[in-house]
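In: Please find the sequence and the predicted model below.
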Amino acid sequence: MLFFQMMLLVGYVYTHMIVSWLSVKRQVLLHILILAVSLIFLPITPADHWKPDGNGTPLIQIALLLFVTVGMPYTMVSSTAPLIQSWYTKTHPKRSPYRLYALSNTGSILGLLSYPFIIEPRLGLSNQILLWSVAYGLFVLVSLWSCMNVLQCANNEPEHNLPIQRSEPVSRSDQILWLLLSATGVVVLLAATNQLCKDVAVVPLLWILPLTLYLLSFIVTFGRPRCYYRPFWAVVMMVSITAVVYLLYQDYTNVEMGLYMQVFIYSMVVFGCCIICHGELYRLRPATKYLTSFYLKISFGGVIGGVFVNLIAPLIFLGYWEFHLSLVATILLFGVCIVSDRSIKFPLFLRVSLGSGWAVMLLATVLFLAAHIKSQQLESIVTRRSFYGILRVYEYDVGTQDHLRSLYHGRIGHGDQYLDPKFEMLPITYYGSHSGLGKAFQAQRRFLMHERSRRNMQIGAIGLGTATIATYADRGDSLRFYEINSDVTDIARQYFSYLSDTKVAVEIVHGDARLSMERELQNSQVNQFDLLVIDAFSGDAIPIHLLTREALALYRKQLASDGLLAIHISNLYFDLRPVVHALAKDAGMHSIWISDNGDGRGEDPNDWMLLTNNKSVYAAIQAETEPWLENNKHKTLWTDDFANVLAAIWRD
């Protein structure tokens, strides 16, 4: 989001500069030239050397990758809306161009909704890139046609004969409000998306909803300005903010409102606040003479909001507290806009009454949200925030035999540990002795003892969590973790004792597991794992690139010929059984699904898939497992080129 906001700003800067400095004829000729140059960047396929090395900042690496692939084409696409509107004012001086902005956002919504529901489930990445390249070529042709029309109008009627638009200069206060309103709208969008999708409901594709509402608020306010009736939307904003404040105070394990009601309330906050911000933006719109300057400052405000949420907030906030700040900022700016609106003429007593009511609402919101931030700090014993989200450690039943410490990423548990010495090395949560992981260790260790006359195992694990897997390691084993988030490693070492109490030396490799394994193979390092555990899944956050045909081929190269692959597929919303079974069948491997109700002490219900070429181990595990009747109707094979995520959503 931050990258595209910044490139949108670049496109708007380009438009503002050529409109301000060049004649219409020169604008058209320059635009034609740059459009032609942009075709050089097709297709938008990144080269292999752009793969991250795992040592840099993900944000910077992602931004650079996007810049060298889609930077130039996207800049030209982003410059189209303000440039076309500027030319429209030249060819149709008596018509308002601002509805075209609503039209462009309508196109954005169509693109947003069509990709995950129509394009991605049907086309592989290579075909998508080809289709996008063809579509971009058509876009260039249509743009050239538009340029020719504008050029013809300019030739038929010289610019000095075009109607002169008289307008007053825009005040500095209005320009500042443009920036602040735009920035606040973006902060509301991004902060609410984080809050909703990571701390409220880890639901597949839920992030689409707030982004759609954000774009829809532009369509309503710029396309149908009469729909922005201040009193109505002020009530909507305040009621939804009040409801959100109530939700924030509820313990996420005991929320009285249902999930759908929570999603509805957060959605209404996004829509209500964005309607306020963008409705006031439209009200403050300048004469068409300053159109490109207006859009330039809107985009610059968006970048300010994006930079704040992505770069500044993680450094100064331990939680998603920019969401709280955005709510306060919306109320504050709304009051400022009303006070500065000279077209409103209220009697003195009414002005005082409204001002007092607004001040009370603002103060109450600030106090309640500040109290919530303080309570969040007190509830957890440690909080870490990074590019990968927020990690929190909680303690329960302190002073009892059931004293428990838990690691959470948003709403998803990543492991627990009992602090009583009698139970501190007990594998719990998803890793109990009756889980798929427990059975994998038992079966593989028996095989090694009987068939290979050795007890020690080479163990690999993708995903560290609290390192509960270490409880299964015996003396002589080797244990190698792959972990992408260094904060997880720090917390596992400082607040949990699985790593320090294990009987074996533990090695932790930081960075994306698949890229790390690829580099190991390039350096002729083959681990020959007897057991490789894939445990990088939580909620809907599925790293798809770890569940593809190419990923499985990589795992097999790092796995001993008689090794066992254990994949954790416990998930709230996705049924990954058909996906993993299809991978195993494609690779000629045996696969077993093991579901455990978590009846042991501290154990949770869990699901695992075990894959192997070892017929002996497969037969031993299968004898203890109920057969799974696969639904072939929904079977799908994921590859690096194609992954139908929608087909994996739970249906039973």
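Out: Yep, it's here.
In: Quick one: low-confidence residue ranges for the stretch 301-450 of the chain.
Out: Residues of the stretch 301-450 of the chain meeting the criterion pLDDT under 70: 344-352.
In: do the chain as well
Out: Across the chain (using pLDDT under 70), the flagged ranges come out as 53-57, 154-168, 199-202, 251-258, 344-352, 537-542, 627-635, 650-652.
In: Run through the residues that contact the most centrally placed residue in it.
Out: Computing the C-alpha centroid of the chain and ranking residues by CA atoms, centre = their mean puts residue 207 first, at 7.0 Å. In this structure, residue 207 makes contact with 193, 196, 197, judged by CB atoms under 8 Å, 6 or more residues apart in numbering. For the C-beta atoms, the positions are set from N, CA and C on the backbone; glycine is no exception.
In: So which of the residues you listed is the closest to residue 591?
Out: residue 197 (31.0 Å; CB to CB).
In: Look up how far residue 373 lies from that closest one.
Out: Residue 197 sits 20 Å away from residue 373 when distances are taken as CB to CB, to the nearest Å.
In: Does residue 390 belong to a helix, a strand or coil?
Out: Under DSSP: H, G, I helix; E, B strand; the rest coil, residue 390 falls in the strand class.
In: who has more neighbours, residue 197 and residue 373?
Out: Neighbour count, other CB atoms under 10 Å: between residue 197 and residue 373, residue 197 has more, with 25 against 15.
In: helices and strands around whichever strand or helix holds the more buried one, which ones?
Out: Counting by DSSP states H and E, the element that carries residue 197 is helix 172-199. Contacts defined by 3 or more CB pairs under 8 Å, 6 or more residues apart in numbering; DSSP states H and E place helix 172-199 against helix 208-218, helix 259-283, helix 291-307, helix 322-340, strand 389-396.
In: Can you check which of those gets nearest to residue 482?
Out: strand 389-396 (17.5 Å).
In: can you pull the buried residues of the closest one?
Out: Neighbour-count burial for strand 389-396, with 16 or more other CB atoms under 10 Å as criterion, is recorded at 389, 390, 391, 392, 393.
In: just stretch 602-617 next, same as before
Out: 602-604, 606-614, 617.
In: Next up, phi/psi of residue 95, please.
Out: phi -110, psi 150 (degrees, to the nearest 10).
In: do the one 10 residues further on as well
Out: According to degrees, to the nearest 10, the main-chain angles of residue 105 amount to phi -70, psi -30.
In: Enumerate every residue touching it.
Out: Residue 105 touches 215, 216, 218, 219, 222, counting by CB under 8 Å, 6+ apart.
In: Let me know the angle separating the longest helix seen in the chain from helix 291-307.
Out: For the chain, the longest helix by residue count, based on DSSP state H, is helix 58-91. For helix 58-91 against helix 291-307, the angle by axes from the mean of the first three to the mean of the last three CA atoms, to 10 degrees is 160 degrees.
In: Show me what helix 58-91 is packed up against.
Out: Contacts defined by 3+ CB pairs under 8 Å, 6+ apart place helix 58-91 against helix 2-21, helix 24-38, helix 98-114, helix 125-156, helix 291-307.
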